[in-house]
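# Below are the sequence and a predicted model; questions follow.
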Amino acid sequence: MQRRSCPVFLLLQASPQKQTVMLQLTTLIQMKKKSADPILMGKRKEESVSKSGGHKRLRQEDADKYDDEPNEAEHSHLASGSNSCSQLTSGEVGIIESIQLKNFMCHSMLGPFQFGSNVNFVVGNNGSGKSAVLTALIVGLGGKATTTNRGSSLKVFVKDGESSADVSITLRNQGRDAFKPDVYGDSIVVSQRINADGSRSYKLKSKSGTSVSCKKEELVAILDHFNIQVDNPVSVLTQEMSKHFLQSKNEGDKYKFFMKATQLEQMKDDYSYIMKTKENTSLQIEQGVERLRELKQHYVEKKERYRTIGFVNEMRNYLEELKNKMAWAVVSEAEKEIKPIQESISLEEGCTDKYVQKLNEWQVKVNEAEEKYKTIQDQLKKIHEEAQLLQPQCVSLKSELQARRRAYNEAEVLYNRFRTELRRLEKDDIQLRKRIEELKNSAEQISDPEKLERQRKITQLKEQLKVFSDQETVIGQQLQQFQQAIYEYREEHSTFKREELEVKQALDAKQRQLKELHESKTNQLKRFGQHMPALLEAVEEAFRQGRFKEKPVGPLGVYLHLKDAELTLAVEACLKSLLRAFCCDNHNDERTLQALMSRYYSPGTRPQIIVNRFRNEVYNVRCRAVYHPEFPSVLTALEIDNAVVTNCLIDMRGIETVLLIKSSCVARKVMQSNKPPKNCREAFTAEGDQVFERRYYSSENTRPRFLSKDVDVEISLLENEVENKKAQLLTSQQHLHSIENEIRQNEDYLNQHRQHQKELQNKLRRINVEIMDLENVEEHQSVDISTLVDEAQENKNKMETVKGDMQKQKVIMEELKNNLRAAEHKLEEIKDKIHQVEEVAGPVKDELNQVDSEMEKCKRHWQHYEEKQKQHLASINTQKELLASKEKKLKEKIAQAMQIYPERIEVDRTVKSLDTEMNRLREKINSEADRHGNRDEIIKEFYEAKEKYEDAESKVKNLKKFIKLLDKIMTQRYKTYQQFRRCLTLRCILYFDFLLHQRGYFGKMSFDHKNETLSITVQPGEGGKAALNDMRSLSGGERSFSTVCFILSLWSITESPFRCLDEFDVYMDMVNRRISMDMMLKMADSQRHRQFILLTPQSMSSLPTSRLIRILRMQDPERGQTTLNFQNRHQEQEDD
């Protein structure tokens, strides 16, 4: 445990040379920290003790008069001193308020024990836990396990079967000597946990339970502040130590006990350590003196060599003059370089007005051409409006004409059908009449029934032929219908198939875009392509390897930030692929970047690379930028992080001349209704539409892809669109499936009808063959002429009906033909009018194109001179930058020259001639240095030798002074130590003699400090009647009583907030125990500011009743008991 510094060092601090001595002690003697003397370091404020019993402490002058024997006068003094302290108040700091144990030694739970502020008796039978409480006090306040005499390691204090033991001790912290009262309050709780492996941890808490610290250093500071010394046997005397002391017969052990209790032993060890360190220091001084002689000899040698190189200084001085001239000669040459650049700038600036004049001239021509173009455009617009008014009439007449032509064609088809039927009927009539004629001629010869049967079959077959022919006609019409339906369905299928492909492509594109948006949430670069992060890492690696002169900048979209989020789509529509582009400083860097891109992109998909010389300043575009009071340009709507990106977009896209107008109507009005704002080439709307002065292009995109900031909203909208596209694709696929089913069904019907048609055609062919076979039979048959006559008559009636239908249809055809001709005539008239308008518009268009060409020509000339002006201004800026760089370098050279030589020197020699002479002079100086050695090394070695010698001389001198001062101090301090030891010895003798008188004993304590022995002789009874005997000849009770007197004597000369004794009366009889107890109680009453904890197996029932006495009675241990309770002997509690 860390303790305070010993009194000898406190005395050293009081000397006049304390700072020097302490510094040298810290440097040369690393003293280990020792605890403080209990007398000098006591923190108790005992004003009342000093006032009432101040005569207890002997003055130094009086102490010198005594030897080791006391006289009678001291007894009365001590007695009065003891009684005068009875009115002291209770202790305020350092006393023990309570102790609680858990799983400590053989006890599961002990406490909490509430101790009084003065006298506490802990009584109980053996095994009840008295000694465990005292052991826990030592260990809980940081003591070592060996101090308790109950084990060599802390792990023996952990109860068997448990993983740890806990000790909690509450110390009082009141009054003006309290330790950090604002932090801890009126009490300090020291909690310690001892683990089964022997390790332990601390936790210091305030009265309220708040944890303040876990460091042992804090506990050491608290114990140091309260002067608690748990390893001092006078403060805590354990049972083992007490027995050892009672049974010890060695006078040397008693002396050691006295020295350790008063901490004189520690002071002695400190003095011994200082003297040993002094001897070591003296040895170092002797070695330093020898080393000093060697350094002095070395210093003298270097000093002689230093004196031999003085003649080279003149050449060195002249060399310094040449250096000064060289510095100002460099300045003169730099000034000469600047002059032609200034003249060139002045000349170029004089030509600037010429370019401005040319630009103004062509601007006037451009304005005139634009006015002429607008006038012709208005004229052409009126012509187009006239044509547009005729166009609906033309469309209407075309529709009417088509309808009439369709009606006429249908009527004509019907008429032709009637005419075909009539021709067939006429042919049949001719054949019937011919046949009748033939039959009449041969009627007389043909009468065979077989011929009649053949005729009947022919008639029957002809009827079948007519039925099958009609069926074939119907099936042919149905085949045409099915073919038409299949054709239409296939056309519709192709249309929907194209739509399905378009929807799939759009869905794939949106899904890719959605994936990029999801990935961009973790890596924004992935919005510019899946391979963009890898490409940028490769560019960074190549740049670190030095493959790029300037690191390429890109993608450009990363550096763009919109001020107004509503214009995001407009900016993307304007910049398009430039958002993914990269910018390189030179063509070599471009080739290197192309090689890197080829790793990640196919030839047609890699980002664009723009070669543009890098500049750290943005172009000055005020003279050619568009300005509108309401609408921003692309340049002003963006915040761009990199000047190179800004310049690149100005060069490639002219963003300073493009307006951003949210409303499309307003954009048309600004750009097309009136003359566009000055310097404005085009505009973009919030929907991404592009607006020119005479053209308007709608955007294909509906939302931004690269520059949108709200990625979550974009993802949500895109997910909805993906779902809509999926639904649209599903609907389209279902429709396609339905159409395919219809096509298959119609094809099945078509095949069935074709098969049926083939069957009918076969039947018709077979019937025709049968009819021809029957008609060609050359047999004489009887013919039924009447049947043929009836058939001919019926055929004639049909012919008359068909002729009537033909006549009616012809009339209808004539009406429809007249209507068709009228519609054609009207359509021709409208077409003639439109043609006339177009003929008028043709020359106007030609004139408009001519004016447009002229306007474009003027603009090209204007742009040519504008570019020339840019180049001219860029040349001037380049020369100005060069001039600024030269002037900056000139200032630096002037500053350097002034550092070399503050006053300017007019030099008529060139830098080259000065440099030549300086080199020649350096060679000469070096040759001289080779002869005598390097001058700088000689000077350096001389000053190093001088510094080492002076430093060593100073150290030896200081060490000698220190040893001399230390001898003086140690001599004085050792005398003080001897006086201090004598004073403590005398006080202990007087207290011991006084306490023996309380029992009627006489005794003597003899200290032999030379041999380090302490002999104690005691004689019971009257001193004149018996001789003094050694304590070994006394009985056990008498020896215990004498020992108690000795311990009380030590208590009287030492400081501690509490005293603990374990089984102090173990060998006493009742009389000695009563007298010892009275003595202890009397001392406790005289020292109410201290706490006494006495452990005894006796019942203490004979103690007087007092509120200052508290008895903690331990219960006998029982099996299964975990908590040992205690009770107060008296019900009245002590006031805090």
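Looks like it came in fine. Numbers count the residues shown, from 1 in each chain.
# Low-confidence stretches in the stretch 1001-1136 of the chain?
Counting by pLDDT under 70, the ranges of the stretch 1001-1136 of the chain that qualify are 1021-1037, 1064-1069, 1118-1136.
# so where do the helices sit in it?
In chain order, the stretch 1001-1136 of the chain shows helices spanning 1036-1053, 1070-1086, with DSSP state H, counting those that start in this stretch as the criterion.
# the strands in the stretch 551-700 of the chain, which residues?
Secondary structure of the stretch 551-700 of the chain (DSSP state E, counting those that start in this stretch): strands at 560-562, 582-584, 609-611, 638-640, 658-660, 682-684, 690-691, 696-697.
# can you check the stretch 801-950 of the chain too?
All residues of the stretch 801-950 of the chain lie outside strands when identified by DSSP E, counting those that start in this stretch.
# so where do the helices sit in it?
Under the criterion DSSP H, counting those that start in this stretch, helices of the stretch 801-950 of the chain are mapped to 911-932, 935-997.
# what angle do the longest one and helix 1036-1053 make?
Taking axes from the mean of the first three to the mean of the last three C-alpha atoms, to 10 degrees, one finds helix 935-997 and helix 1036-1053 inclined to each other by 130 degrees.
# Centre of the chain to helix 935-997, how far?
Mean-position distance between helix 935-997 and its chain equals 58 Å (C-alpha atoms, centre = their mean, to the nearest Å).
# packing partners for it?
Where contact means 3 or more C-beta pairs under 8 Å, 6 or more residues apart in numbering; DSSP states H and E, helix 935-997 is packed against helix 7-13, helix 18-28, helix 60-63, helix 73-83, helix 264-307, strand 1002-1008, helix 1036-1053. For every residue, glycine as well, the C-beta is placed using N, CA and C.
# what does the first one give?
Packing partners of helix 911-932 (3+ C-beta pairs under 8 Å, 6+ apart): helix 313-350.
# neighbours of the residue nearest to Ala625 when sequence neighbours are not counted, just the number please.
When the adjacent residues along the chain are set aside, Ala625 lies closest to Glu656, with 3.8 Å between them (C-beta to C-beta, 6 or more residues apart in numbering). As a burial measure, the neighbour count of Glu656 was computed by other C-beta atoms under 10 Å and equals 21.
# Could you spell out which stretches of the protein belong to which domain?
90-231+1099-1117, 272-346+907-964 (the TED database).
# mean pLDDT lowest for which of these?
Averaging pLDDT over each of the domains of the chain singles out domain 272-346+907-964 as the lowest, with a mean of 79.
# so how far is it from its chain's centroid?
53 Å.
# do the same with stretch 651-671
When C-alpha coordinates are averaged (C-alpha atoms, centre = their mean), stretch 651-671 and its chain have centres 41 Å apart.
# tell me which residues in it are buried?
Buried positions in stretch 651-671, judged by neighbour count with 16 or more other C-beta atoms under 10 Å: 652-661, 664, 667-668, 670-671.
# Let's see which of the residues you listed end up in helices.
Applying DSSP state H to the buried residues of stretch 651-671, the entries found in helices are 652-653, 664, 667-668.
# As a markdown table, the domains of the chain with distance to Asp353 would be great.
As requested, those are arranged in a markdown table below (distance: least, C-beta to C-beta, whole Å):
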| stretch | distance to Asp353 |
| --- | --- |
| domain 90-231+1099-1117 | 83 |
| domain 272-346+907-964 | 14 |
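# still on that earlier bit, may I see the helices of the stretch 801-950 of the chain organised as TSV, with mean neighbour count and distance to Lys678 added?
Compiled in TSV, these are given as follows (neighbours: other C-beta atoms under 10 Å; distance: least, C-beta to C-beta, whole Å):
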stretch	mean neighbour count	distance to Lys678
helix 911-932	13	55
helix 935-997	17	72
